[in-house]
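Novice: I would like the atomic coordinates for the input below:
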Amino acid sequence: MKPQEDNGYTGIENLDVMAEAKNYNTYLANLVCNNQEPGHELVDFGAGTGTFAQMMVDRGYKVICIEPDIALSERLSAAGLSVYGSIQQVDKIESLYSLNVLEHIEDDFSTVVNLFGQMKINGKILIYVPAFMVLFTSMDKRVGHFRRYTKKQLIELFEQAGFVVDDARYADSLGFFVTLLFKWFGSNTGEINLRALKIYDTFVFPLSRFCDFLFSPFFGKNVMLRARKTRA
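Specialist: Sure thing, here's the model as predicted:
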């Protein structure tokens with residue numbers, strides 16, 4: 001899970017800022033809800049501040065949060081969410097999502113193997129992570145990212161762990177170029193500017209989603225994967 005330091009997870013400020021990205025967060029919530037009926041139990045692996053867990057609860061889902069960071073888990077509990085510190089504390093899982101989490105984990109393969117072990121047969125998993133190391137910026141360093149993924153790397157990671165990959169594609173194609181500009185000309189601190197984020201979320205991200213119909217097979221700021229466990 002997210003690396004823990006003496007002062008806890010270092011990216012909480014950025015998580016709080018990203019909670020203001022309404023279009024982006026709605027898009028991710030819709031990805032989670034795709035082919036999931038309300039009332040279904042979902043596991044949020046790496047729930048963070050609970051932005052998406054709360055959105056799922058508001059949409060009528062039962063959510064179990066996995067969050068090892070003590071400060072974040074206490075925040076989740078205070079919000080009334082069900083939270084555990086480890087995936088091993090949860091019974092066999094039918095549906096799990098993890099949004100921008102794997103990049104925080106140094107040994108991501110062992111983590112994916114553990115996820116495979118906790119899933120039911122025909123259990124489904126949705127993963128969304130940052131794409132392309134060329135886009136690695138001061139923000140990645142600030143929040144403790146170990147890597148960004150290509151689509152091929154992500155597919156191989158999950159197939160080697162035993163999953164069957166149903167779909168994998170890039171997302172936020174215009175964000176690829178915006179992130180490059182941030183890398184070249186943006187802040188060295190890695191902080192997210194709230195005003196710039198809201199402008200991007202309101203005007204650029206909807207256009208980027210439209211462009212994804214053409215460019216998602218080739219590039220994007222993020223990569224999404226859907227997979228299933230089909231064997232023990």
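Novice: and the residue positioned nearest the centre of the chain, backbone torsions?
Specialist: Nearest to the mean C-alpha position of the chain, by C-alpha atoms, centre = their mean, lies residue 99 at 1.3 Å. Residue 99 has phi and psi values of phi -110, psi 110 when expressed as degrees, to the nearest 10.
Novice: Who is it paired with across the strands?
Specialist: Residue 99 forms beta bridges with residue 128, as assigned by DSSP bridges.
Novice: Please list all residues in contact with it.
Specialist: By C-beta atoms under 8 Å, 6 or more residues apart in numbering, residue 99 lies in contact with 28, 32, 46, 52, 128. Using the backbone N, CA and C atoms, a C-beta is placed for each residue, glycine as well.
Novice: neighbour-wise, which of the residues you listed leads?
Specialist: Ranked by the number of neighbours (other C-beta atoms under 10 Å), the contacts of residue 99 place residue 52 first, at 26 neighbours.
Novice: quick one: that residue from residue 157, how far?
Specialist: To residue 157, residue 52 is 22 Å away according to C-beta to C-beta, to the nearest Å.
Novice: Run through the neighbouring helices and strands of whichever strand or helix holds residue 195.
Specialist: In the assignment (DSSP states H and E), residue 195 maps to helix 194-199. For helix 194-199, the helices and strands in contact under the criterion 3 or more C-beta pairs under 8 Å, 6 or more residues apart in numbering; DSSP states H and E are helix 12-18.
Novice: can you do 10 Å?
Specialist: Helices and strands touching helix 194-199, by 3 or more C-beta pairs under 10 Å, 6 or more residues apart in numbering; DSSP states H and E, are helix 12-18, helix 22-33.
Novice: Next, the angle from the next helix or strand after that helix to helix 22-33.
Specialist: Once helix 194-199 ends, the next helix or strand along the chain (criterion: DSSP H and E) is helix 205-215. Calculated by axes from the mean of the first three to the mean of the last three C-alpha atoms, to 10 degrees, helix 205-215 forms an angle of 50 degrees with helix 22-33.
Novice: My guess is residue 36 contacts residue 42. True?
Specialist: Yes: counting by C-beta atoms under 10 Å, residue 36 does reach residue 42; the two are 7.0 Å apart.
Novice: and for these two, which residues touch both?
Specialist: Common contacts of residue 36 and residue 42 (C-beta atoms under 10 Å, 6 or more residues apart in numbering): 56, 59, 61, 94, 95, 97, 124, 126.
Novice: contacting residues for the last one?
Specialist: Residue 126 sits next to 28, 31-36, 42, 45, 95-99, 167, 224-227 when contact means C-beta under 10 Å, 6+ apart.
Novice: got the phi/psi numbers for the nearest residue to residue 139 once chain neighbours are set aside?
Specialist: Leaving out its chain neighbours, the residue that sits closest to residue 139 by C-beta to C-beta, 6 or more residues apart in numbering is residue 190, at 4.2 Å. With angles defined as degrees, to the nearest 10, residue 190 sits at phi 80, psi 0.
Novice: I'd like the distance between the closest residue to residue 160 other than its chain neighbours and residue 212.
Specialist: Leaving aside its chain neighbours, residue 160 sits nearest to residue 109 (7.0 Å; criterion: C-beta to C-beta, 6+ apart). Distance, residue 109 to residue 212, using C-beta to C-beta: 28 Å.
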